[in-house]
Structure formats: structure tokens, C-alpha cells
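> what's the 3D shape of this:
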Amino acid sequence: MFDKDATLAKCINLIKQAGAGGAQLIVLPELIIPCYPYGMTFGFTVGSRQEEGRADWKRYYDGSIVVPGAETDALGEAAREVNAYVSIGISERDAVSGTLYNSNIIFAPDGSIAALHRKLKPTGAERFVWGDADKAYFPVVASPWGPLGNLICWESYMPLARVALYQKGVTILISCNTNDNPEWQATIQHIALEGRCYYINCDQFFTKDMYPADLHAQDEIAKLPELVCRGGSCVIDPYGHYVTEPVWDKEAIIYADLDMDKVPASRMEFDACGHYSRPDVLQLHVKE
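Below you'll find the predicted structure:
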């Protein structure tokens with residue numbers, strides 16, 4: 001955690017492992033480079049900041065990556081080597097302003113960046129660390145399996161954000177997130193059923209001993225449980241059923257074969273933005 005080079009190396013290794021296992025679409029969690037700093041305040045309180053927290057934040061800033069840059073080149077090369085689409089959550093640092101964004105990149109099998117999505121609204125105290133998305137809202141990637149879309153963590157709770165992707169016909173909705181509660185499982189089953197799409201839920205697993213021992217926020221880290229985020233990654237089909245059951249309390253690579261015929265078949269009786277909609281009554285206009 002907090003180590004850009006180490007987390008990048010780990011992600012490249014995971015991409016190569018999954019590719020060797022035959023994966024054609026590889027999904028990694030939210031902010032895996034350089035980490036999700038769960039439980040840390042970075043010294044922010046209303047009206048003031050602490051210098052020790054600022055030092056931890058600068059360390060996180062240094063671990064965030066510019067897009068495009070050397071790190072995305074290396075990730076793209078890994079995607080090219082295994083000839084797969086790769087979705088990965090990163091802390092992105094704007095090359096001009098220096099603002100950080102909670103972002104997700106999708107690489108094409110040729111190694112190019114096919115989509116970059118910045119989280120629309122950081123959740124709660126995340127707003128101390130990352131800015132609101134300012135461009136490229138709701139990108140989708142044309143794939144052999146239909147349009148791939150992405151929502152980061154609690155964006156999945158935003159009804160209009162979901163509809164923005166449904167309007168683009170997503171057949172696979174990727175969610176990189178840090179939600180290990182049972183209510184989240186109910187939410188994502190509903191979204192798969194609502195969107196009549198596959199939902200890839202890629203959650204994090206990390207423990208308290210993964211935090212660097214030399215961070216200034218040791219008092220905050222000490223209050224965390226030993227198992228900070230339990231995971232719960234899974235794949236859900238367009239009928240809301242698990243293709244793979246949630247994986248808890250360990251790291252794992254999950255493999256799933258998706259029957260893409262289920263997507264159009266499931267839309268026979270319900271299509272949120274098609275025959276089951278009333279555009280004469282309800283419409284969503286998205287500022288792209």
C-alpha cells in the first residue's frame with residue numbers, strides 16, 4: 001500500500017496470471033494503484049489541517065499516476081501480452097493541476113487506453129483526497145461482447161448514473177469498489193436485473209498489516225480491524241443470479257464464462273431504456 005512501483009508490479013503479475021488462465025476480460029479493484037487508504041483522515045478537520053496528515057497525503061499523491069504515462073504504458077503492454085481487455089482502478093494525478101481523481105482505465109487488447117472514467121462524486125471524506133470528475137462522463141468500450149461500461153463504487157447507488165449507461169446499451173457493467181457489506185450484494189444483484197446486463201463486482205481484500213509502518217496516521221490505523229476489507233468479489237448474470245459466488249476473506253482470481261445470449265434474452269420482458277420505458281414521460285439528458 002502507498003507504493004506505486006510495488007502495486008504496479010503486482011497488477012502486472014495478476015494480469016499475466018489471469019491471461020495465462022485464459023481470461024479475455026480482466027478486472028482489478030478500485031484504486032489498487034497505490035491503494036485505498038481506508039480509515040485515514042490525512043489530518044483534515046473542518047477549518048484546519050495537520051501537517052503530519054499533509055505529509056501522508058503527499059506520499060499518496062506521489063503514489064498516484066498520470067494518464068497517459070510510464071505506468072499506463074506498462075499496464076497496456078501487459079494487456080497486449082495476454083491479448084485481453086483490462087479494467088483497473090487507480091488514483092490518477094492530473095498532469096496539469098495535480099488534482100487527484102478516483103479513476104478507472106479500460107485497456108484494449110492492443111494495449112491502448114480504450115476508456116478513462118473519473119468517479120463523478122467521491123464518497124464522504126473521499127472528497128478530501130479526490131476531486132469530482134470533470135470530463136469524459138460514462139465512457140463505454142465496444143467489445144466482442146457488446147458495450148462495456150464502468151461505475152466506481154458508490155456510483156452504482158446513483159440511479160441516473162446507471163441509466164446513463166443503460167442508455168448506451170451496456171451488456172457488461174464493471175464495478176471496481178471497496179464494499180464488503182451484505183447490503184452491497186443485494187444492490188448489485190438488483191442492478192444486474194435492472195440493467196439486464198452482467199455485473200462484474202471487483203472488490204478489495206486488504207488487512208491492517210498491509211499499511212506502511214512509517215505513516216503518520218498510526219493512531220487511525222490502530223483502530224482498524226485486522227481484516228479491513230473482506231472482499232466479496234463476484235459475477236452476476238442479467239437475471240440477478242450469481243455466476244460466481246462472492247469470495248470472502250482472501251485474495252483470489254475469479255474466472256467466469258459469460259453466456260452473452262442471456263443479455264438479449266433477458267430483455268424480452270424488460271428493457272429499462274427500450275420497450276419498457278416511457279420517453280414521452282421520463283427522459284435523462286446527460287452532459288457528455
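> tell me the mean pLDDT over stretch 223-233?
Mean per-residue pLDDT for stretch 223-233: 97.
> can you give me the helices for this structure?
Ranges of helices in the chain, per DSSP state H, are 4-20, 51-63, 70-82, 159-166, 182-195, 218-222, 262-266.
> looking at the ones you listed, which is closest to residue 209?
Taking C-beta to C-beta, helix 218-222 is the member of the helices of the chain nearest to residue 209, at 9.7 Å. Backbone N, C-alpha and C define where each C-beta goes, glycine included.
> need the residues that contact the closest one.
39-41, 208, 211, 215 (C-beta atoms under 8 Å, 6 or more residues apart in numbering).
> tell me the centre residue of this protein?
residue 176 (2.3 Å; C-alpha atoms, centre = their mean).
> that residue bridge partners, please.
With beta bridges defined as DSSP bridges, residue 176 has these partners: residue 152, residue 202.
> list the contacts for it?
Residue 176 makes contacts with 27-32, 87-89, 104, 150, 152-153, 202, as judged by C-beta under 8 Å, 6+ apart.
> quick one: low-confidence parts of the stretch 1-150 of the chain?
The stretch 1-150 of the chain contains no residues with pLDDT under 70.
> quick one: the strands in it?
With strands called from DSSP state E, counting those that start in this stretch, the stretch 1-150 of the chain shows them at 25-27, 44-45, 48-49, 85-93, 100-107, 113-118, 141-143, 146-152.
> re the thing from before, tell me how far the residue nearest to the centre of the chain lies from residue 204.
Applying C-beta to C-beta, to the nearest Å, the value for residue 176 to residue 204 is 9 Å.
> spit out the contact partners of the nearest residue to residue 231 once chain neighbours are set aside.
Leaving aside its chain neighbours, residue 231 sits nearest to residue 205 (4.0 Å; criterion: C-beta to C-beta, 6 or more residues apart in numbering). Taking C-beta under 8 Å, 6+ apart, we find residue 205 in contact with 229-231, 249-251.
> can you give me the end-to-end distance of stretch 240-260?
Length of stretch 240-260, first residue to last, C-alpha to C-alpha, to the nearest Å: 14 Å.
> again but with stretch 162-177, I slipped
Stretch 162-177: ends 15 Å apart by C-alpha to C-alpha.
> tell me which residues of it are tucked away?
162-167, 169-177 (16 or more other C-beta atoms under 10 Å).
> and what of stretch 176-193?
For stretch 176-193, a neighbour-count test (16+ other C-beta under 10 Å) marks 176-180, 184-185, 187-189, 191-193 as buried.
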